[in-house]
Structure formats: structure tokens, C-alpha cells
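Trainee: quick one: sequence and predicted model below, then my questions.
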Amino acid sequence: PYAYNNLGLVLMEAGNYPQAETCFRRAVKLNPHKPAIHNNLGTVLEATNRRPAAAAAYRRALELNPDYPEAHYNLGTLLRVDRQLKEAEDHLRRAVALRPAYFEANFSLATLHLLEGEFGKGWKLYEKSRRKRTGGRQLKIPSWRGEDLTGRRILLCWEYGFGDTIQFARYVRKVEKSAGKISLWVQKPLKRLLAATYPELSVYAGDGPPPEQYDYVCSLLSLPAIFNTGPETIPPPVAYKPDLFTPAVNWAEAIKKVDHGDSYRVGLVWAGHPKHLNNANRSIPFTVFRNLFTVPGVGWVSLQVGPRAEDLTGTSARVSDFSRALVDFRETASLIENLDLVITVDTAVAHLAGTMGKKTWILLSFDPDWRWQLD
């Protein structure tokens, strides 16, 4: 059974789930009383979307060992996706109680609280577990935890994706009230947009930290925990208005050449960043949208960038493709300003369009990221 179990783990790591399942089932048959094998079998079943069977495997592991933190964590995360939130929380709490330094379980519990809108419970746990889960950006600058910033210089820096930076940049206004000087370190595709939106700040986009000296550094994603904001106190976004800068392309004229100004213009994004951990659940095959393109009176405009922009190659779909000109978010914002509606999966364009006040429809998976809340 040990050899079959180990071989199953190797096959699972390689993405060969059918053969991994065969190995785990053989191991279970040889030794039905080993909880780790049932837990591993559950992982394969969950990965192949056989959720009830996966839950049964996790529960069997817990019957054999009620103090098995990995099985509690796996069952808790599975139940969260299935919206069995109370039981999910119970199992995640049990996993943390059994292993206080179980970062994944702490992080899942934090995001469950945030998903339910329980910000008081969620922020501090999210901050603590997020840092330990990712390791954070190691800079030789003291981390800001809410100390007095009068006369002090602080560097606020990006941490994850473009959408995170767009969404959490709103907290800059709260820091501004007390800081002597603020520098904002962002990803390169966001620099021109954010520099125009926050003209009073020093906006930097280098690969490493800026050369200036700072008293403190703080991730943008840490600010909600420091200010302990809730539904009524989360600051409003700073509108990303394209009229604050001159785009490289005259987008009004570019679109008019295609639709002659007589169509309802809808921007479309069907895929997020391919390296995102949850990309399989948030991106959508381009073929799903084919029937939409026959709707009369609509001028479809692709806002898709990256490798999936090539999905339009060779298609007969009538979609205006400006992807080569969308070199950064400043250009994307200027194009969005000339649209009537944006339809997008859970990616940075959703944050950008919504922040601009543009009518935006977001296509979410059944198990959404915590920031969208449950419904």
C-alpha cells in the first residue's frame, strides 16, 4: 500500500489523475485503515470534479483519525465551494486548532470570513496568513503597522495582480491624511494610469524598490487590516478618468471607423492571466461567446490582451480587435471610456471599468473570490 500511495502522489503531481486514482484505490484496498490514503484519494476526486465522492473520502479519513489537520482543511475548503459555510468553518477552525502554524488553513479561514462580509474577523487573519503564505516582499525598510506618519516617508507597494493594485489603491487617500510623503510602487502596465490619477504622488514602476530612503514600507493589501475598514468605511475608489491624460490612440475615431457610430458598443474579456492559480475556474473558452456575436445592433470590441487575444485569429466573429494597441492600462481605460458596456471575467478589467463608473457585467465562478462576496 505504501508504494501504491507514493506512486499515486507522483502521478497526481504530474497531472495524471486517472492513474493516480487507480493507485490510491489499490492502496485503500490493501490497507483500508490508513487515513492518509483516503485523504489523497479525496484530493484526486476533487481535482476531477467528483465532489460528493471526494467529501466521502475526506470524511472517511477523519473517521479513522479525527485529529487529521490536512483532512479537515481539505473538507473545509470543499464545503466552502459548495456553500456549506458553517460546516466549512468548523473544519477549518479544527485544522488551525490542531496545527496553529497551518498557513493554508489560516488563509482559507480568513478568506471565508471576508467572503461572508465578516471583515472584523477576516482582515487581521488575512494579513497574518497572507504574509506567511507568500513570504512577502523582503525589503530592508520597517513595515508600517499604523504608526504616526507625521513628517515620515512611506513606500506603498503592489503585491499580487493588476486588479489588486487597482482595487486597493483607494486606501492611498487614507494614508495621505497623515504621511509626510508617499511613494507608490506599482507594476509597469499601471504606471501611466496611476501617475495621472495620483499626480501628487511619486509613482514608481521599477523591477526593484526605488532608490530613495523611506521610514516605512507597506503593501497595498495590508491597508484594510491597518485601518480595519468594514462595509460602511471602505473608502470609495478614485475614479480613473481617461480625460486626465492623452492616450496614444484616438479611440473615439478608431471605433467610429469600424461601427460608424451607430451600434451599442460592448467590450469583452474572456480570459485572465494564464498563470493565475484559479485561472481554470475564472477564464472562459472563447467559443462560449460565439452566439453573442450574432446579436444585431451590437458592436463587439475585444479588450482581451495576452496569449488569449489570439483566440480571435481565424474566427469569423465580428469583433474589433485592438489588442496590439492596448500596451498598458492607460490605453485600455481610454478605450473603455468609448464603450457602453463591459462584459468581463474576474480580471483587472473588471476593477478598472467598475472604478471608472462604466456599466460592467462580471462573469463569476460559483465559488467567487472573497472580494465579490457571496451573491
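Mentor: Thanks, I have it.

Trainee: just checking, which helix or strand of the chain averages the lowest pLDDT?
Mentor: Of all helical and strand segments in the chain, the minimum by mean pLDDT, DSSP states H and E falls on helix 279-282, at a mean of 78.

Trainee: Provide the contact partners of the helix or strand following it at residue level.
Mentor: Using DSSP states H and E, the helix or strand that follows helix 279-282 in sequence is strand 298-302. The contact list for strand 298-302 (CB atoms under 8 Å, 6 or more residues apart in numbering) reads 255, 258-259, 263-269, 292-293, 309, 312, 317-323, 335, 339. In short, each C-beta sits where N, CA and C put it, glycine included.

Trainee: before we move on, what about stretch 31-51?
Mentor: Here stretch 31-51 makes contact (CB under 8 Å, 6+ apart) with 1, 5, 8-9, 12, 17, 20-21, 24-25, 27-28, 53-58, 60-62, 64-65, 68, 70-71, 74-75, 78, 81-82.

Trainee: ditto for stretch 53-61
Mentor: Contacts for stretch 53-61 (CB under 8 Å, 6+ apart): 35-36, 38-39, 41-43, 45-46, 68, 71, 74-75, 78-79.

Trainee: again, only using 6 Å
Mentor: 35, 38, 39, 41, 42, 45, 46, 68, 71, 74, 75, 78 (CB atoms under 6 Å, 6 or more residues apart in numbering).

Trainee: tell me where the stretch 251-375 of the chain has helices.
Mentor: For the stretch 251-375 of the chain, helices defined by DSSP state H, counting those that start in this stretch occupy the ranges 251-259, 279-282, 329-336, 348-355.

Trainee: tell me what the third one is packed against?
Mentor: Helices and strands in packing contact with helix 329-336 are listed as helix 191-197; criterion 3 or more CB pairs under 6 Å, 6 or more residues apart in numbering; DSSP states H and E.

Trainee: who are the packing partners of the helix it packs on?
Mentor: Under the contact rule (3+ CB pairs under 6 Å, 6+ apart), helix 191-197 is packed against strand 202-204, helix 329-336.

Trainee: just the CA coordinates of it, formatted as CSV?
Mentor: Extracted in CSV, the C-alpha atoms of helix 191-197 (Å, rounded to 0.1, in the frame of the first residue of the first chain):
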residue,chain,number,x,y,z
LYS,A,191,2.3,53.3,-14.1
ARG,A,192,0.9,55.9,-16.6
LEU,A,193,-2.6,55.4,-15.4
LEU,A,194,-1.9,55.7,-11.7
ALA,A,195,0.6,58.6,-12.2
ALA,A,196,-2.2,60.6,-13.9
THR,A,197,-4.7,59.6,-11.3
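
Trainee: so what's the gap between that helix and the chain middle?
Mentor: Chain-centre distance of helix 191-197: 22 Å, with CA atoms, centre = their mean, to the nearest Å.

Trainee: going forward can the numbers begin at 856, since that is how I track them
Mentor: Noted, 856 is the first residue going forward, which turns the last one into helix 1046-1052.

Trainee: now do it, average pLDDT.
Mentor: For helix 1046-1052, mean pLDDT rounds to 91.

Trainee: over to stretch 886-906?
Mentor: Taken as a whole, stretch 886-906 carries a mean pLDDT of 97.

Trainee: so for that stretch, what gets flagged as buried?
Mentor: Neighbour-count burial for stretch 886-906, with 16 or more other CB atoms under 10 Å as criterion, is recorded at 889-901.

Trainee: same question, stretch 1063-1079
Mentor: Buried, per 16+ other CB under 10 Å, within stretch 1063-1079: 1064-1065, 1069-1079.

Trainee: who's in contact with that stretch?
Mentor: Counting by CB under 6 Å, 6+ apart, 978, 982, 994, 996-997, 999, 1007-1012, 1014, 1023, 1026, 1038, 1059 sit against stretch 1063-1079.

Trainee: make a ChimeraX selection of the buried ones in these.
Mentor: To isolate the buried members of the contacts of stretch 1063-1079 in ChimeraX, using 16+ other CB under 10 Å:
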select :978,982,996,999,1007,1008,1009,1010,1011,1012,1014,1023,1026,1038,1059
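
Trainee: take the contacts of stretch 1063-1079 and keep only those in strands.
Mentor: 1008, 1009, 1010, 1011, 1012, 1038, 1059 (DSSP state E).

Trainee: between the contacts of stretch 908-916, which is closest to residue 1139?
Mentor: Nearest to residue 1139 among those is residue 901, at 21.5 Å by CB to CB.

Trainee: so which helix or strand takes in the closest one?
Mentor: Residue-wise, residue 901 maps onto helix 890-902 under DSSP H and E.

Trainee: how many residues are close by residue 1172?
Mentor: By other CB atoms under 10 Å, 17 other residues sit near residue 1172.

Trainee: relative to residue 1179, how far out is residue 1114?
Mentor: Distance of residue 1114 to residue 1179, given as CB to CB, to the nearest Å: 19 Å.

Trainee: these two - which one has more neighbours?
Mentor: Neighbours were counted for residue 1114 and for residue 1179 using other CB under 10 Å; residue 1114 has more, 16 against 8.

Trainee: residue 907 is in what secondary structure piece?
Mentor: With DSSP H and E as the test, residue 907 turns up in helix 906-919.
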